[in-house]
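Asker: Provided below for reference: sequence and predicted model.
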Amino acid sequence: MEQATRRRALLHRFDARVKVAASLVFAVSVAVAQEWATLGALLGLALALAFFGGLSPGSLVRRLVALDGVLLILWITLPLSGGGEKIILGGVPISVDGVATALAITIRAHAGVIGFLGLLGTTPPHEFVRALRLMGVPQKLVLLLHFTYRYSHVIFVEGAGIYTSMILRGFAPKLDIHTLKNYGNLMGNIFLRSFRRAERVTEAMELRGFTADFPTVEPPTAIRTVHLAGFAVFSLLVVWCFSL
Amino acid sequence: MTPFLELRDVVFSYDDGNFVLKGVNLNLLPGGKVGIMGPNGSGKTTLFRIITGLDKPSGGEILFRGKPVKGDRKTLSELRKDVGYLFQDPDDQLFCPTLLEDVAFGPLNLGLSPQAAREKAFQTLRLFSMEHLADKPPHTLSGGQKRLGALAAVLAMEPRVLLLDEPTGDLGKNAMKSLERLLRSEMATFLIASHDEEFLSKVTNRKYCLDEGRLLPL
């Protein structure tokens, strides 16, 4: 996610804890907003976050296309299956409630993703993990997130290696049982290797004295006043969105 | 002189009855530099895992500084302070958000203050001229940098004995020289498992071959 943003944008300079807190406020707001005006304003706020996060329009569109692929299914199913008042379009009955629900979900999803890209996309993963730890998030959850991020690269490389060796030995994916079986083998292989690696990482941690606490050399620092002020302004803007 | 490490008739077999080690004997005196060669699957890694208590031997005895190594947590914790083990795959040993935190992980667990652990980590990274990489997440490092980073993480705990499992893989010329310089120092005591005979000849004063479960002098 971080790769989507330019490193020198304003939000890059903000304390990661402030951005995590702002993300939480924003996520809850997007989830509970009911009025069209509020949803529209929150989408506007998300775009402002993307701007201040230095998110380039190209990378924003690329990320939204992936999301829109999923939303397309909603746009196909909800108008046809929703209840309430119906209008006939080309001989097909379209539910007005279904369209409204699909539109609300689309705005919510776009606002959420764009806002998160602006806030968390400007936070390097190690800073994000550290912020969660300093904010008192349970250690198990923090470690789970940290290890997922740390080893996703390694697992991806391992998986890519296996896939390359399959291709080199003549594997040509098609829509048939042979392909599905081989994909199943690939997934099983990746899972087994990940499991084995998890065991080795645990052993490496134990050899270096790990018991239960994950220590850090970085002493907790106070959040700068200007960053807190930024969070206050952001929260006020969210409140304003609900007053519309 | 009491050896740092002594293996007496160490035997290891898997649950299926396949014997990997069939009575391994070895003494490692302070300053001892021992190289172990052997084909893949000959049991080099298993030997290191047994020494550090990650696997239990099926038979025989391991003595550390003259005392038998038992499998209890306290004894193992004391042993692991003094015996540093570098894994074959550095990705297994670099698990913290940044290289600095990885190298400081051991010292912090040994009870050093965050400030002292930080200084210790920088001091260790300087041995390999890697201090400029301190804030890098480990997955962004090159293969050689990861290996030296993992070695720095082990060395930061100031172990008395090093167990190095294929330490030369991925290393470039300069990194290799740094490692050689470190291992050739008089104080260094280590066991190295490697296929690199030339490297072993440069840094060790005894070499063995582990073949069919037995350690044979070369």
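Answerer: Sure, I can see it.
Asker: so where does residue B:97 fall, helix or strand?
Answerer: For residue B:97, there is no host helix or strand (DSSP states H and E).
Asker: pLDDT weak spots in chain A?
Answerer: A:1-7 (pLDDT under 70).
Asker: and for it, the residue most distant from the center?
Answerer: Outermost residue of chain A with respect to the C-alpha centroid, by CA atoms, centre = their mean, is residue A:91; its distance is 39.5 Å.
Asker: residues contacting that residue?
Answerer: Residue A:91 is in contact with no residue at all, counting by CB atoms under 8 Å, 6 or more residues apart in numbering or on different chains. For every residue, glycine as well, the C-beta is placed using N, CA and C.
Asker: do the same with the one 10 residues further on
Answerer: Contact criterion CB under 8 Å, 6+ apart gives A:78, A:82 as the residues in contact with residue A:101.
Asker: again, only using 6 Å
Answerer: residue A:78 (CB atoms under 6 Å, 6 or more residues apart in numbering or on different chains).
Asker: how near is it to residue A:95?
Answerer: According to CB to CB, to the nearest Å, residue A:101 and residue A:95 sit 9 Å apart.
Asker: quick revisit: the residue farthest from the centre of chain A and residue A:19, how far apart?
Answerer: Separation of residue A:91 from residue A:19 (CB to CB): 50 Å.
Asker: likewise for residue B:135?
Answerer: The value you get for residue B:135 to residue A:19, if CB to CB is used, is 19 Å.
Asker: out of those two, which sits in the more crowded spot?
Answerer: Set residue B:135 next to residue A:19 and count neighbours by other CB atoms under 10 Å in any protein chain shown: residue A:19 wins out with 28 against 12.
Asker: name the helix or strand for residue 179, please.
Answerer: Unless you meant another one, I'm taking chain A. Going by DSSP H and E, residue A:179 is part of helix A:177-207.
Asker: wrong one, chain B
Answerer: Applying DSSP H and E, one finds residue B:179 within helix B:173-184.
Asker: okay, buried residues for that helix please.
Answerer: Under the neighbour-count criterion of 16 or more other CB atoms under 10 Å in any protein chain shown, helix B:173-184 has B:175-176, B:178-179, B:182-183 buried.
Asker: looking at those residues, which one is closest to residue A:23?
Answerer: residue B:175 (40.5 Å; CB to CB).
Asker: now the buried residues of helix B:173-184 as JSON lines including distance to residue A:116 and pLDDT?
Answerer: Formatted as JSON lines, the buried residues of helix B:173-184 follow (distance: CB to CB, whole Å; pLDDT from 0 to 100):
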{"residue": "B:175", "distance to residue A:116": "40", "pLDDT": "86"}
{"residue": "B:176", "distance to residue A:116": "45", "pLDDT": "89"}
{"residue": "B:178", "distance to residue A:116": "43", "pLDDT": "87"}
{"residue": "B:179", "distance to residue A:116": "44", "pLDDT": "89"}
{"residue": "B:182", "distance to residue A:116": "45", "pLDDT": "89"}
{"residue": "B:183", "distance to residue A:116": "48", "pLDDT": "90"}
